[in-house]
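[1] Whatever this is, show me its structure:
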Amino acid sequence: MSDAYVIELQGNAVGIIVRQKHEPNTFRFLSALHAFNDLEGREFASPFHAEKAARELWRQRPYIIPMRKGEKAA
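    Below you'll find the model as predicted:
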């Protein structure tokens, strides 16, 4: 099992999540783009939950990562 994962949206690394040593089933989000600072330091139960939160933030503010022609926010 990995201790860190990159969260990507539209081919952009938006954050990194790191497994917490004191709580192995918890991952902390570290923002890779200023637009995702709202998630900075938040803890998630899994990489899936962290990506879901990043996608939700993007869905609410699609301008933070320009969508490619013909694509919709997930």
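[2] what about residue 30, neighbour count?
    When neighbours are counted by other C-beta atoms under 10 Å, residue 30 registers 16. Heads up, the C-betas are built off the backbone N, CA and C, glycines and all.
[3] Against residue 28, how distant is the closest residue to it other than its chain neighbours?
    In this structure, residue 30 finds its nearest non-sequential neighbour in residue 16, 4.8 Å apart by C-beta to C-beta, 6 or more residues apart in numbering. Note on residue 16: its distance to residue 28, by C-beta to C-beta, to the nearest Å, is 9 Å.
[4] Looking at these two, which one has more neighbours?
    Ranked by neighbour count (other C-beta under 10 Å), residue 16 and residue 28 place residue 28 first, with 19 against 16.
[5] Double-check that residue 28 belongs to a strand.
    Yes. Using DSSP: H, G, I helix; E, B strand; the rest coil, the assignment for residue 28 is a strand.
[6] ok, it - contacts?
    Taking C-beta atoms under 8 Å, 6 or more residues apart in numbering as the criterion, residue 28 is in contact with 17-18, 20, 41-44.
[7] Tell me which entries of those residues lie within strands.
    Among these, the ones falling in strands (DSSP state E) are 17-18, 43-44.
[8] thinking again about what came up before, just the buried residues of the contacts of residue 28.
    17, 42, 44 (16 or more other C-beta atoms under 10 Å).
[9] any chance of those residues in a markdown table, plus distance to residue 11?
    Listed next are the buried ones among the contacts of residue 28 as a markdown table, based on distance: C-beta to C-beta, whole Å:
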| residue | distance to residue 11 |
| --- | --- |
| 17 | 18 |
| 42 | 23 |
| 44 | 22 |
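[10] which one of these is nearest residue 34?
    Within the buried ones among the contacts of residue 28, the smallest distance to residue 34 is 15.7 Å, found for residue 42 (C-beta to C-beta).
[11] leaving aside the residues next to it on the chain, what's closest to the closest one?
    Nearest non-adjacent residue to residue 42, counting by C-beta to C-beta, 6+ apart: residue 29, 5.0 Å away.
[12] show me the contacts for that neighbour.
    Going by C-beta under 8 Å, 6+ apart, residue 29 touches 7, 15-17, 36, 39-44, 50, 53-54.
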